[in-house]
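*Asks:* the sequence isn't on hand, but the structure is:
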């Protein structure tokens, strides 16, 4: 059996978020493995009510724990590093990252009581990390957080370039500018596969530089009459600098609001990445500064209910109140699914008389991902034998393969769980791995398919009814069935209370039930449930979830 | 006490959807009233799980039932006519509408067993309907459904123009073209108030005509290789015609899929509004036609789970299967909040190999509402004394007032429940009416504030725990407390089943509880609930909803 080079996405391929990719080299089943990114994605009421965080299912990795040489984090966004604290113990391998990313990763490990020393800071290319038969090097690339990197992965089967999240930005304000020469250099001897960011494949115009929004933002801050509040992702350090610099030019002191905002600025200053950031004032001191001399930089650009934006919109955050004449800038894009939350805040601000400026015109925000022409540019530089789109929903991956084809490059749509064998001339699907999502629910990790969240959704849609029945030592009902409800209307079509009507029907059934039925919990439960649902359907036009509790005395 | 002219929005002002406006004239509290529109809005998992439909709260109207002269429906969109069947009986007034709208309204009344004869078909201006001291006339206006109208409402206090939903479209394909002369004529003697659509006040470019998309759509249908599927709102009759005409030009037979689609076409043909629509073929007959000669016109442009789009995306609808090489056109805009559902379908289509075309570039869809410059145009024609924005969220209403101010017109932001007195020189807030939303939940109407849906959301977020305890004739516990759960993890941090750990703690409490506590249901319930929640918090990191059922024997 000969050695093979494999690629296996466990998260991020077929979705945007929760990135987790595996590469390996060796004999089938004995490959030495590296993990690239361990991210999370965020729950929503639609599909994951009550869930705190969504993580990739790493069962396969755990089974192959002894084969893992290292975990490589490309950058410090939550969808790439967010699961490291939750999962490190189960994988146990060293974690590699560039300095700033390492700072964030260490904080996450520390929160879970893991030794921060497992995180190794690595220098970028040409520095190489040996991982058994694989060699890995960090390739600096521009994105919306400092020290983002792609990865160069060398194997006896050839070189793989993993783009990481990236954009082509020669003036990124903070962080590494796009360096075409570097990518030309690592590509010149031939690249087996380019595994490439696909997020913006449908964006037809070339991407714009972070630097392009400096003037519009500065103009806005100068022209605004009252207080200015700006929100963006806290991790977008370049944007924080753009906004803070504009504030400074407009004689506005900067106030940081929201834990993530203060943390990110702290980490970036600590690592020497954020220089020239104006000194900030505390929310308390801000009270003594005229509002036209203030700019608040706040969390909550996605409408998160507990973030600073939401609290300001509700009237007060740490003593700061917005009012008529103030301006609120969303220097951000609303991620699909978050629209309602963002719009709620916009309307609350409107009620306070605050002018809301969003990015409708594209003046105050640029994306951190490569647009279609930028992807083409990378394809041309790398000229890979195979293109494997990642970091995208199915439609993005498929379109990205098409785009590659147009440039003469063979591509393959590989979604989560598809193990691709990159050995030989053409990529083949080696195996389908059972994969999925793990929910962090309170303090417990539960499988997405365990049915727990499904049951919650059912209660939310149908309401809950509880039927209790006591059966005595002689298998005779003791009293009548008792019904309680949660999340159901009190009165139905008959005009009588729903619980009474259901109890009446259940009581009649129990009275007539024969000894055999009354002895059989399963049968009794099934009948009671069925009657309760049927009566509810007649009374209120819907069938609730029914829980039957039979208590047997003696 | 002198007579007054009032305006009272009960829905649609401070939200997009659920339109219901009231006008009245007379002595305070004795005004003769007309209702303009009775619409619905749609539930979502976020805030209204399990709810079937959201209707305005009409308690105030019911209290003033005897004063209602008539219900005027401006057009046949659900957010204007959807509640008529549910509410007609409680209001009991005649319903006025133009022919096509009346057709739809009658169907809705019929479904609820109400006499269809209550709907009166009215001719447009200069025809006038006398409603006590008010006179009402229908002013044809272009929108995305045929026979849309604004209303001219004359009172002894002057004339009010209610724009209805509108756009300025001189070539609307189906329905009335924009008629500036008409609006000039009704405005020339002075208008007291313009109550005006605000939906697109943030759209800076002038609106585009329905006719402008005919060529792009025709090109797409001609160039497509396989089957073409197009989705839009079924009520957008003009769009259906645009799409069907393009199909015809591309030698494609038209298949209508989805109940709403067939119904709307039927009603439009019945009323003679839809002429020149190509004959359609049934889904069965479509099986015998080459796919490159087919165009399916389907429901589900908003990603609705049970609509034709969703079913096709899942692989099969009425025997029709999509495959590699087919094209799916979203000739529609995704309403904020529906993104996830639409994206789900797009990805399912991508998995089938279907090319998805959406309106990213604005080529295949135009809005049915007036953009900012179009609103300005109407302001200029009408030159009202007062501008009252409607049909918008708070931010739209506020921005619309600002826009009016820029043109020298006084405006007022009036949200649901604010009764405005339009008598005299300046509008004043006469009263705040308790208003809100009513949920149709199964077959029952429940108040939004009844707590029923709130409890469902809590179960979805926190899970449900049921504690049962039997107490005997002597107020002694009979056995131990029993715990069941729904929507909660089985095993917590201790490694033992959650229910067992909670039962253990509850059992200990009950064992030690004194006779006084055991006699007191309220106290017992409170303690059991509190212990169950505390233990759950320790075990699984979240506090479930707890229902305590105490059964007392004897």
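*Replies:* Noted; the coordinates are in hand. Computed from a prediction, not measured in an experiment: that's the story for all the values here.
*Asks:* so is the lengthiest helix in chain A next to chain B?
*Replies:* Secondary structure assigned by DSSP state H gives helix A:521-540 as the longest helix of chain A. Yes. Residues of helix A:521-540 are located near chain B by C-beta under 8 Å from any C-beta of the partner chain, namely A:537, A:540. Placement of C-beta: from N, CA and C, glycine included.
*Asks:* contacting residues for residue A:129?
*Replies:* By C-beta atoms under 8 Å, 6 or more residues apart in numbering or on different chains, residue A:129 lies in contact with A:70, A:96, A:122, A:135-137.
*Asks:* how far away is the residue of chain A most remote from its centre from residue A:208?
*Replies:* Using C-alpha atoms, centre = their mean, the residue of chain A lying farthest from its centre is residue A:474. It sits 56.5 Å away. Taking C-beta to C-beta, to the nearest Å as the measure, residue A:474 falls 81 Å from residue A:208.
*Asks:* got it, and residue A:538?
*Replies:* Taking C-beta to C-beta, one finds residue A:538 at 61 Å from residue A:208.
*Asks:* one more: residue A:385?
*Replies:* Residue A:385 is 31 Å from residue A:208, by C-beta to C-beta.
*Asks:* same question, residue A:140
*Replies:* Distance from residue A:140 to residue A:208, by C-beta to C-beta: 20 Å.
*Asks:* the more surrounded of the two?
*Replies:* residue A:140 (21 against 15; other C-beta atoms under 10 Å in any protein chain shown).
*Asks:* identify the residues contacting that one.
*Replies:* So residue A:140 contacts A:98, A:124-125, A:147-149, A:176, A:179, A:182 (C-beta under 8 Å, 6+ apart).
*Asks:* ok, residue A:138 next?
*Replies:* Counting by C-beta under 8 Å, 6+ apart, residue A:138 touches A:98, A:122-125, A:127, A:149-152.
*Asks:* give the helix, strand or coil label for residue A:49.
*Replies:* coil (DSSP: H, G, I helix; E, B strand; the rest coil).
*Asks:* out of the contacts of residue A:140, flag the one nearest to chain B.
*Replies:* residue A:148 (25.6 Å; C-beta to the nearest C-beta).
*Asks:* per-residue pLDDT, the closest one?
*Replies:* pLDDT for residue A:148: 97.
*Asks:* now it. Nearest residue, chain neighbours left out?
*Replies:* Distance criterion C-beta to C-beta, 6 or more residues apart in numbering or on different chains; nearest residue to residue A:148, sequence neighbours excluded, is residue A:75 at 3.9 Å.
*Asks:* burial of that neighbour, as a residue count?
*Replies:* Residues contacting residue A:75 under the criterion other C-beta under 10 Å number 28.
*Asks:* quick check: it touching residue A:164?
*Replies:* Yes. Using C-beta atoms under 8 Å, residue A:75 makes contact with residue A:164 at a distance of 6.3 Å.
*Asks:* between the two, which contacts overlap?
*Replies:* A:143, A:148-149.
*Asks:* from those residues, which ones fall inside strands?
*Replies:* Of the positions in these, residue A:149 sit in strands, assigned by DSSP state E.
*Asks:* can I get the shared contacts of residue A:75 and residue A:164 in TSV including neighbour count?
*Replies:* Listed next are those as TSV, based on neighbours: other C-beta atoms under 10 Å in any protein chain shown:
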residue	neighbour count
A:143	29
A:148	28
A:149	27
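*Asks:* out of the shared contacts of residue A:75 and residue A:164, who's nearest residue B:366?
*Replies:* Distance to residue B:366, by C-beta to C-beta, is smallest for residue A:143 among those, at 36.2 Å.
*Asks:* where do the helices of the stretch 401-550 of chain A begin and end?
*Replies:* For the stretch 401-550 of chain A, helices defined by DSSP state H, counting those that start in this stretch occupy the ranges A:452-462, A:498-512, A:515-519, A:521-540.
*Asks:* gap between the two ends of stretch A:364-384?
*Replies:* This stretch, stretch A:364-384, spans 35 Å end to end (C-alpha to C-alpha, to the nearest Å).
*Asks:* can you check stretch A:221-236 too?
*Replies:* For stretch A:221-236, the end-to-end distance is 19 Å (C-alpha to C-alpha).
*Asks:* is there proximity between that stretch and chain B?
*Replies:* No. Against chain B, stretch A:221-236 shows no contacts by C-beta under 8 Å from any C-beta, the least distance being 14.1 Å.
*Asks:* stretch A:496-515 too?
*Replies:* No. Stretch A:496-515 is not in contact with chain B by C-beta under 8 Å from any C-beta; minimum separation 9.0 Å.
*Asks:* so for that stretch, what gets flagged as buried?
*Replies:* Neighbour counts using 16 or more other C-beta atoms under 10 Å in any protein chain shown place A:497-499, A:501-503, A:505-507, A:509-510, A:513 of stretch A:496-515 among the buried residues.
*Asks:* stretch A:379-396 too?
*Replies:* In stretch A:379-396, counting by 16+ other C-beta under 10 Å, buried: A:379, A:381-382, A:384-396.
*Asks:* next, give me the two most distant ones among those.
*Replies:* A:381 and A:394, at 26.3 Å, using C-beta to C-beta across those.
*Asks:* on that earlier part again, between the shared contacts of residue A:75 and residue A:164, which is closest to residue B:254?
*Replies:* residue A:143 (46.9 Å).
*Asks:* distance of that closest one relative to chain B?
*Replies:* Applying C-beta to the nearest C-beta, to the nearest Å, the value for residue A:143 to chain B is 23 Å.
*Asks:* residue A:293 too?
*Replies:* Relative to chain B, and taking C-beta to the nearest C-beta, residue A:293 is found at 25 Å.
*Asks:* phi and psi next, for that residue.
*Replies:* Dihedral pair for residue A:293: phi -110, psi 20, per degrees, to the nearest 10.
*Asks:* that older thread, just put the buried residues of stretch A:496-515 in CSV and tack on distance to residue B:7.
*Replies:* What follows is those, written out as CSV (distance: C-beta to C-beta, whole Å):
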residue, distance to residue B:7
A:497, 40
A:498, 39
A:499, 43
A:501, 43
A:502, 46
A:503, 49
A:505, 49
A:506, 52
A:507, 54
A:509, 56
A:510, 58
A:513, 62
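*Asks:* quick check, nearest of those to residue B:267?
*Replies:* Nearest member of the buried residues of stretch A:496-515 to residue B:267, counting by C-beta to C-beta, is residue A:498, at 37.4 Å.
*Asks:* right, and the closest one touches residue A:484 too?
*Replies:* No. Assessed by C-beta under 8 Å, residue A:498 is found out of contact with residue A:484, at 10.6 Å.
*Asks:* may I see the buried residues of the worst-scoring helix or strand of chain A on mean pLDDT?
*Replies:* Ranking every helix and strand in chain A by mean pLDDT, DSSP states H and E puts helix A:259-270 at the bottom, with a mean of 90. Using 16+ other C-beta under 10 Å as the test for burial, helix A:259-270 gives A:260-261, A:263-265, A:267-268.
*Asks:* what is the burial count for whichever residue of the stretch 451-554 of chain A sits closest to chain B?
*Replies:* With C-beta to the nearest C-beta, the shortest gap between the stretch 451-554 of chain A and chain B falls at residue A:541, namely 2.9 Å. The tally of other residues near residue A:541 (other C-beta under 10 Å) stands at 16.
*Asks:* what bits of the stretch 251-400 of chain A have low per-residue confidence?
*Replies:* For the stretch 251-400 of chain A, no stretch is flagged by pLDDT under 70.
*Asks:* helices of that one, residue ranges please.
*Replies:* Using DSSP H, counting those that start in this stretch, helices in the stretch 251-400 of chain A cover A:259-270, A:283-286, A:308-313, A:339-352, A:372-382, A:394-406.
*Asks:* could you name the helices and strands sitting against the last one?
*Replies:* If I follow you right, that is helix A:394-406. helix A:372-382, strand A:384-390, strand A:410-411, helix B:339-352 (3 or more C-beta pairs under 8 Å, 6 or more residues apart in numbering or on different chains; DSSP states H and E).
*Asks:* try it again with 10 Å
*Replies:* strand A:191-197, helix A:372-382, strand A:384-390, strand A:410-411, helix B:339-352, strand B:355-357 (3 or more C-beta pairs under 10 Å, 6 or more residues apart in numbering or on different chains; DSSP states H and E).
*Asks:* fine by me, we can end here.
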